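J.: Here is my input; please provide its structure:
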Amino acid sequence: MHHLLPLLPAIPLLVAAVLVAGGRRLPRPAAESLASLTAAATAALAVFLLLHSSPPLVEWVGGWFPRHGESVGIVLLGDGASLGMAALVSLLTLAALAYSWHYFDEPPRGHAGSYPAMMLLFQGGMCGFALAGDLFNAFVFFELMGVVAYALTGYRIDEAKAVQGALSFALVNSLGAYFMLMGIALLYARTGELAMAKIGQGLDRAAGHHGPDVLVLAGFALFLTGLLVKAAAVPFQFWLPDAHAVAPTPVCMLLSGVMVELGVYGVWRVHGLVFAGPGGVPAADATRVLVVLGVLTAAVGSVMCWYQRHIKRLLAFSTISHTGLFLLGIGVLRPEGDVGTALYVLGHAGVKAALFACAGVLLDRYGTVDEFQLHGRARRLRGVGVLFAVGALALAGLPPFATGLGKAVSEEAVGGPLTVVYVLASALTGGAVLRVAARVFLGLGRRPAAEDGQEREEDKTSGGSEEPETRQRLTGVPATMRTVPAVLLAAALLAGAVPGFAEAAGHAVEESGSPGVFSSAHWTASGVLLDLLSTLLAAVLAGVAVARPGLLSAPGWALPLRRLQSGHVGDYVAWLLLGTALLGALALPGVLG
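T.: Sure thing, here's the model as predicted:
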């Protein structure tokens, strides 16, 4: 069974090559059909392997097995967590391809295979990263999915802002990748190994009774920088809203639905296999790093989300906020936190992709994603409005969505004051999306003026006067653009409501991280009450914002926070360097002790 693991990244990569080679000869329906069938086949294979992943599958590609305890080969790891991520990646890629079926604007020069080929390359890179069991090939797949993501973000190359957003994305993420490569070099210099489990064992042997040293700390900080840049954690998050504002809608579905989550998954995987032992980073210091960054990310993301009028930027900042909650869940280093985060990620992928799909409908129908300009204009899109409102409530944690179940399990794992972070972040992000639904699809309240929480000089980032992604503005909503978000929301609902699903997912995750340690993932009275509290608070915030637009406008202290999103890549690089230093400072007590 383990010999099938390389097919998960290989199949989409090979079909992408076929599409590139024959794209000029293939009609568009054939190219899109082939890409969709490939994504579906890869998803089916991932699910099949997931059902047979106990005990975990390990494949040394090409037969380069370890000899005398040393290894130089490519190792793929197929356990519940990695195969679950590969299945999620493939299913969401299929959803993105189905959403854009026959509606997406024609590619340049009549090359019908370019867009589906890049989507498959993106899928292959993400699947490879999820399965990688050694650091170097994790970096290779990390870079592959990054490069394709840059190209997809700037796909509409005739628009200057698309090129600018893609350039900022590329420069910041490439710098993070170089930091990751330097971290790999330091760990290889210490252990002579690249396989994650082997590096962890080598660090434990090298440390002896002295514990970790500065080299291990530097490797930890540098490697995590690359992962946290991809996860858009504070202060590495600035590229994400700029990229989402210009990326095509199907690409946004993948960026927020799975790529950002893969950064969090990488942090969890690398810490567990490399740095969790006595030669790595002490548990108290790892918890300090992840919890501090998690709280900062959740707070900044939710506040910035609330004060956006550009709907795609608003959804991007909500993704940043939820990244903070994911980091909190894995940061407490408890199996319950891992399980809760896994369920949260699963639900968030479906909900966020559905919300971006609805935002794409608004863009292609009205040529704007400005909440102010769209006030009351989408009353006729009742179905899309219902989906958008349901997505907002799911984002706030409404039971029985998987987002609510993951939130509840995570809250129980972290306990104490950190529970408040989950409630407030969920309420603010869900309330912001619910506010948009009330204004845009129902026309409630008076039309906000620019001074109601928005600086006039920021009108250029409001989302007005956007070019639709279709050949011309839509007069009706295609069936695929309605069906895909409905199916995604239904899947997020079923993942939280179907009996036994949460327990099966929890068993798979815990077997991947802590063999022999299992906890039950299920609804509890306290979890349901906290979910209902955050949902009610989201509804109250949205109601107040609609009824009294000026009451919840941006206070003076929030304006400098908004100005940090300057759009200048030099500023973003400076924050990246500061973030790397912060990682080292937070982990330093373990070395000094």
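
J.: mind listing what the residue lying closest to Leu578 once chain neighbours are set aside touches?
T.: Distance criterion C-beta to C-beta, 6 or more residues apart in numbering; nearest residue to Leu578, sequence neighbours excluded, is Pro235 at 6.1 Å. (Glycine included, C-beta is placed from N, CA and C.) Contact analysis of Pro235 by C-beta atoms under 8 Å, 6 or more residues apart in numbering lists 296, 575-576, 578-579, 582.

J.: Make sure Pro235 is indeed in a strand.
T.: No. Read with DSSP: H, G, I helix; E, B strand; the rest coil, Pro235 is coil and lies in no strand.

J.: Tell me the spacing between it and Gly226.
T.: With distances taken as C-beta to C-beta, to the nearest Å, Pro235 is found 14 Å from Gly226.

J.: Just the strands from the stretch 1-150 of the chain, written as ranges.
T.: 57-61, 74-78 (DSSP state E, counting those that start in this stretch).

J.: Nearest to Ile311, out of the ones you listed?
T.: Smallest distance to Ile311 across the strands of the stretch 1-150 of the chain (C-beta to C-beta): 38.2 Å, for strand 74-78.

J.: Which secondary structure elements does that closest one sit against?
T.: strand 57-61, helix 114-131 (3 or more C-beta pairs under 8 Å, 6 or more residues apart in numbering; DSSP states H and E).

J.: Need the residues that contact that strand.
T.: Contacts of strand 74-78 (C-beta under 8 Å, 6+ apart): 2, 5-6, 49, 53, 56-62, 64, 131-134, 137, 195.

J.: quick one: which of the strands of the stretch 1-150 of the chain is nearest Pro499?
T.: Ranked by C-beta to C-beta, the member of the strands of the stretch 1-150 of the chain that lies closest to Pro499 is strand 74-78, at 26.6 Å.

J.: Helix 114-131 and the closest one, what's the angle between them?
T.: Interaxial angle, strand 74-78 versus helix 114-131 (axes from the mean of the first three to the mean of the last three C-alpha atoms, to 10 degrees): 90 degrees.

J.: Could you give me the buried positions within strand 74-78?
T.: Neighbour-count burial for strand 74-78 flags 74-78 (criterion: 16 or more other C-beta atoms under 10 Å).

J.: Report the lowest-confidence entry in those residues.
T.: pLDDT across the buried residues of strand 74-78 is at its lowest for Ile74, which sits at 86.

J.: circling back: just send the strands of the stretch 1-150 of the chain back as TSV, with distance to Thr475 too.
T.: Listed next are the strands of the stretch 1-150 of the chain as TSV, based on distance: least, C-beta to C-beta, whole Å:
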stretch	distance to Thr475
strand 57-61	50
strand 74-78	47
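
J.: Sketch out the low-pLDDT regions of the stretch 351-500 of the chain for me.
T.: Applying pLDDT under 70 to the stretch 351-500 of the chain flags residues 448-466, 471.

J.: next one: the stretch 201-350 of the chain
T.: Where the stretch 201-350 of the chain drops to pLDDT under 70, the residues are 208-212.

J.: ok, 90 please
T.: 201-218, 245-246, 272-273, 275-285, 307, 333, 335-336 (pLDDT under 90).

J.: tell me the most buried of the helices and strands packed on strand 74-78?
T.: Ranked by mean neighbour count, the helices and strands packed on strand 74-78 are led by helix 114-131 with a mean of 28 (mean count of other C-beta atoms under 10 Å).

J.: elements contacting that helix?
T.: helix 7-22, helix 28-51, strand 74-78, helix 80-99, helix 135-153, helix 249-254, helix 260-270.

J.: Reformat these as TSV; add distance to Gly527.
T.: Shown next, in TSV, are the helices and strands packed on helix 114-131 (distance: least, C-beta to C-beta, whole Å):
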stretch	distance to Gly527
helix 7-22	34
helix 28-51	26
strand 74-78	31
helix 80-99	22
helix 135-153	34
helix 249-254	28
helix 260-270	21
